[in-house]
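**Student:** When you get a sec, could you give me coordinates for this:
(2 chains)
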Amino acid sequence: MLLRRFYLGVLGSSFGLMTAGGVFTVLLAVGLIPRFAGKTHTGRKVTLYETMVILGTLAGNIMSVFDAYCMPAAPALLKIGIPKEILFLIGELLLVCFGLFAGIFVGSLAMAIAEMLDSIPIFARRVGFRHGLGIAVSAMALGKMAGSFYYFYEKIYLFGGV
Amino acid sequence: MENKTVYIKPKRNAEVEKEEVFLKDIAAVTCTDETLKTKIKALKIYRFRAEGEKRAVISSLKLIELIQGIEKGVTVENVGEQDTLIKYVRTAQTKGVLVWMKVVFVSLISFFGTAFTIMAFHNDIGIHDVFGRIYEEMMGQPSSGFTTLEVTYSLGLAVGIVLFFNHIGGRRITTDPTPIEVEMRIYEKDVDDTLIETADREGKTIDAS
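**Tutor:** Numbering: from 1, shown residues only, chains lettered A, B, ... in the order given. Okay, the predicted model is just below:
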């Protein structure tokens, strides 16, 4: 049993190592963080952003792998005597933070992947338009937003796209 | 009169903080004649006039023309870039509350964005099913969801990230640049190339007349 457990540990750590390599190669190939840093003229702080990427991934990992063990945090805080209203407010604030910033990240990621695959320049060349690229990009953004709202409003996730 | 040679090495990208741009700001100069060298270094090559004007592209040919304008019969050798991108940065842009807020903003996107990405990835591959199956096959009993597999996976992920990014907090493991630093330089170079080529196409490059 102990030997098996050891083998399980070897398996787990190699899964983790390879996942880290895979996930971050994709993130880097897309080059999102340098772009954010470039846009905000804060290239000197790139190491801080890297640290945030590392911390974010670790936090996300703990929250999704040990999700069942992350739940009891709120009841425990309630028991200490922190009022429910304040807990709700903090929770809501965290949700807004998470939703907004994760949304910005995913939105940029989606566009960056489309751009990396050169689909936008190719389309622009095929259709042959020289002006109005700004309108096209705004239309894409609106389309993504509308699609996202529709997806959640119609509860498409319940049917898994069937 | 002997024939003098001046060597100039213009940069690809030069940031200036003053409206007036001198040759020494955008290029390295060397010459056997010290007085001529000082004169060339102090050559005024551009002045940012308009309010919103932030950048200019100057051709090395223009620099050569200007140098030959102050000393007839001098030979100029360019050992650097063909075109230089001059960026006018106001000092306020490098410090202050606004910059600090931008840093916080990008940090938050990096943190929550990657947290979401890894969670979505785990959800996508159904990590609990995969780990549950592996655990059951190995140990012959149902997984509790908090086993050696999950713990070592998380540790492995952390080690992998740290190896990949080559630093823990602010401390580097080796002296190599980190992958994001490399990407950052590549991105900056791409932007410079695009700006220089766009200026060239629009005929806005400051060139010899």
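**Student:** Helices along chain A, start to end?
**Tutor:** Applying DSSP state H to chain A gives helices spanning A:2-30, A:32-39, A:46-65, A:67-70, A:73-80, A:84-116, A:119-127, A:133-153, A:156-159.
**Student:** Near B:Thr205, how many other residues are there?
**Tutor:** The tally of other residues near B:Thr205 (other CB atoms under 10 Å in any protein chain shown) stands at 19. C-beta coordinates here come from the backbone N, C-alpha and C atoms, glycine included.
**Student:** and it, what does it touch?
**Tutor:** B:Val57, B:Ile58, B:Ser59, B:Asp83, B:Ile196, B:Ala199 (CB atoms under 8 Å, 6 or more residues apart in numbering or on different chains).
**Student:** Just the buried ones from those residues, in PyMOL syntax?
**Tutor:** Buried subset of the contacts of B:Thr205, written as a PyMOL selection, criterion 16 or more other CB atoms under 10 Å in any protein chain shown:
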select buried, chain B and resi 57+58+59+83+196+199
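**Student:** and the contacts of B:Thr205 as TSV, adding secondary structure?
**Tutor:** Below are the contacts of B:Thr205 laid out as TSV (DSSP: H, G, I helix; E, B strand; the rest coil):
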residue	secondary structure
B:Val57	strand
B:Ile58	strand
B:Ser59	strand
B:Asp83	strand
B:Ile196	helix
B:Ala199	helix
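**Student:** hmm, back to that, of all the helices of chain A, which one is nearest B:Tyr88?
**Tutor:** Of all the helices of chain A, helix A:32-39 sits nearest to B:Tyr88, with 17.0 Å by CB to CB.
**Student:** Can you tell me the SS state at B:Ser144?
**Tutor:** Per three-state DSSP, B:Ser144 ends up coil.
**Student:** re earlier: I'd like the helices of chain A laid out as JSON lines, including mean pLDDT, mean neighbour count and distance to chain B.
**Tutor:** As requested, the helices of chain A are exported to JSON lines (pLDDT from 0 to 100; neighbours: other CB atoms under 10 Å in any protein chain shown; distance: least, CB to the nearest CB, whole Å):
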{"stretch": "helix A:2-30", "mean pLDDT": "85", "mean neighbour count": "17", "distance to chain B": "2"}
{"stretch": "helix A:32-39", "mean pLDDT": "83", "mean neighbour count": "21", "distance to chain B": "4"}
{"stretch": "helix A:46-65", "mean pLDDT": "87", "mean neighbour count": "21", "distance to chain B": "3"}
{"stretch": "helix A:67-70", "mean pLDDT": "77", "mean neighbour count": "13", "distance to chain B": "5"}
{"stretch": "helix A:73-80", "mean pLDDT": "74", "mean neighbour count": "10", "distance to chain B": "15"}
{"stretch": "helix A:84-116", "mean pLDDT": "85", "mean neighbour count": "14", "distance to chain B": "2"}
{"stretch": "helix A:119-127", "mean pLDDT": "71", "mean neighbour count": "11", "distance to chain B": "12"}
{"stretch": "helix A:133-153", "mean pLDDT": "84", "mean neighbour count": "11", "distance to chain B": "14"}
{"stretch": "helix A:156-159", "mean pLDDT": "74", "mean neighbour count": "9", "distance to chain B": "11"}
